[in-house]
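Peer 1: when you get a sec, could you give me coordinates for this:
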Amino acid sequence: MSETAAATTPLLPEYDVVVVGSGGGAMTGAALAARAGLRTLVLERTPLIGGTSAYSGGACWLPGTDVQQRAGLPDSTEGARAYLEAVLDKPDQERVEALLRQAPRLVAALEADTLMAFEWIPFSEYYDAPGRVPMGRSVQPSAIRRDELDPRVGELLRPPVERDRAGQRGRSTLSGGQALIGRLAAMLLRDGGTIATRHHVTGFRRDDDGRLTTVLADGPDGPVEVRAARGVLVAAGGFEGSPERRAAHGTPGRAEWTMAPRGTNTGEVIDAAAAVGAATDWSGEGWFCPGLLQPDGSGTFTLGFRSGLMVDQAGRRYANECLPYDRFGRAMAAAPERTPSWFLFDSREGGRLPAIAMPEGDPAEHLAAGTWKQADTVEGLAGPTGLDPDVLAATVERFNASAERGVDEDFGRGEDEYDTFFASAGSPNKALVPLDQPPFYAATFVLSDLGTKGGLITDAAGRVLDTAGDPIPGLYAASNSTASVFGSAYPGPGAPLGAAMVFASLAVEDMAG
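Peer 2: You can find the predicted model right below:
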């Protein structure tokens, strides 16, 4: 799409379905609505589509589908139910059951389209609990070349995070979240749907009967009003990008550390729905993760630590560094002295971070900016980090002794399958690697997130409820614009995407009647 274009076709005054947002949930709903013959419009506030979903690995926690069966996995709806019963705290059982019922149906419906294909990816689930599938049950869309899709998709699609933040274009082959958004957008456009970028939704209007009928937005040419005959689906992310809303609702971390695309997901759409009577649950929860602090002050999603150890401002470890990222992020959030933290590592990987950071950044730039420190000895890191040299040396000495024994008596690192999923060291415990190859480094880590979890309250059909607990006719929501079905838990890879896709599809089914 050119810099001045804002829509794939001219906007009409009325559509059957108007979708607010363009992430995985939004585009699933839009694609299914268009395929059902409904006139469908997607409104996206930025010039590009995909949001945080386009940055993701594209994992979708959608249990009990044919994809897992084709891969020979011991997965089932019953197993997933047992798993969620074990890991969720006070769940909304009707919504949980709706997710479990709909996941296989949704994947079958999407795979019935020639533009969609899923495959299983090995990626361990996040809790050792009944119903857990060894090496995980998550699926992802298969990779596809950009030139196999409608050329408009390539112009609209947000690049991967490391390229987007650098102002670069996307790759020729779309994988992960890129493949998910690209495939869904191609389905939508093929079936006559419209995507309007640079349209910031500012409000909604209900008619005299209480039905939500109109979407108000600021477009590149001024204010616009669009009517929705069947319904509006709000799937525009959470409020992670708003410092004010984070502070108001007690969400740990900072807006500049979130992984959401810059300038997005600031919560106005949630407020706009609340202004017409929608009930909200402003949870301070988020999909947390340790974030590698960048020289520009942003944070980057980091997982899969292969060696090294994390210490707080007192120089002490406080958790198993190989925990699933959300669980480690929650450990960071549990005490103020843990943000920022210092991640200590040695030179066994040539001075690069022994983890997956998206993006990592250039080590030389980190060192020049002071987000990384370097010294010839562990004690030498104490001065530039402000840590106590004796405490720091004792922490590393104890960690190295644990690595030699192969047992982390403090935090059990290496005891769970997730701990060793990314590790490659030798015995006796491949998740425990001594810190012993100078020079040594300390990288600054902050509390980052993949989005917030608080927002509109919905039922099992994706309908937004009012403050009396009744559905608002014509208003639906999914994704991080809603209070999460998983509460404070993060069950496994792709839980945010899977739930967003499921409830968006249920919303469209309800709209279609």
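
Peer 1: use CA for all of it now, contacts and neighbours both
Peer 2: Will do.

Peer 1: what score does the residue sitting nearest the centre point of the chain have for pLDDT?
Peer 2: Residue closest to the average C-alpha location in the chain (CA atoms, centre = their mean): Leu450, at 4.1 Å. For Leu450, the pLDDT comes out at 98.

Peer 1: residues contacting it?
Peer 2: Neighbouring residues of Leu450 by CA atoms under 8 Å, 6 or more residues apart in numbering: Thr52, Thr258, Met259, Ala260, Gly286, Trp287, Phe288, Cys289, Phe301.

Peer 1: just give the nearest non-adjacent residue to the first one, would you?
Peer 2: With CA to CA, 6 or more residues apart in numbering as the measure, Ala260 is the residue that lies nearest to Thr52, at 5.1 Å, once sequence neighbours are left out.

Peer 1: burial of that neighbour, as a residue count?
Peer 2: 26 (other CA atoms under 10 Å).

Peer 1: kindly report the same for the one 10 residues further on.
Peer 2: When neighbours are counted by other CA under 10 Å, Ile270 registers 29.

Peer 1: that one contacts Ser481, correct?
Peer 2: Yes - with contacts counted by CA atoms under 8 Å, Ile270 reaches Ser481, the gap being 6.5 Å.

Peer 1: what about the strands in the stretch 251-400 of the chain?
Peer 2: With strands called from DSSP state E, counting those that start in this stretch, the stretch 251-400 of the chain shows them at 280-281, 286-293, 299-303, 309-311, 341-345, 356-358, 372-375.

Peer 1: tell me which of those strands is the most buried.
Peer 2: Burial of the strands of the stretch 251-400 of the chain is given as mean neighbour count (mean count of other CA atoms under 10 Å); strand 286-293 ranks first at a mean of 28.

Peer 1: that one to strand 341-345, inter-axis angle?
Peer 2: Here strand 286-293 runs at an angle of 60 degrees relative to strand 341-345 (axes from the mean of the first three to the mean of the last three CA atoms, to 10 degrees).

Peer 1: which other helices and strands contact strand 286-293?
Peer 2: strand 299-303, helix 325-333, strand 440-452 (3 or more CA pairs under 8 Å, 6 or more residues apart in numbering; DSSP states H and E).

Peer 1: ok, and what's touching the shortest one?
Peer 2: This means strand 299-303. Residues contacting strand 299-303 (CA under 8 Å, 6+ apart): 256-259, 289-294, 322, 324-325, 355-360, 445-450.

Peer 1: same thing but 7 Å
Peer 2: Strand 299-303 is contacted by residues 256-259, 289-293, 325, 355-359, 446, 448 when judged by CA atoms under 7 Å, 6 or more residues apart in numbering.

Peer 1: just stretch 24-32 next, same as before
Peer 2: By CA under 7 Å, 6+ apart, the residues outside stretch 24-32 that reach it are 19, 40, 42, 50, 53, 181, 184-185, 187-188, 235, 478-479, 497, 500-501, 504-505, 508.

Peer 1: please identify the buried residues of it?
Peer 2: Neighbour-count burial for stretch 24-32 flags Gly24, Gly25, Ala26, Met27, Thr28, Gly29, Ala30, Ala31, Leu32 (criterion: 16 or more other CA atoms under 10 Å).

Peer 1: turn these into CSV, columns for secondary structure.
Peer 2: CSV is the format used below for the buried residues of stretch 24-32 (DSSP: H, G, I helix; E, B strand; the rest coil):
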residue, secondary structure
Gly24, helix
Gly25, helix
Ala26, helix
Met27, helix
Thr28, helix
Gly29, helix
Ala30, helix
Ala31, helix
Leu32, helix
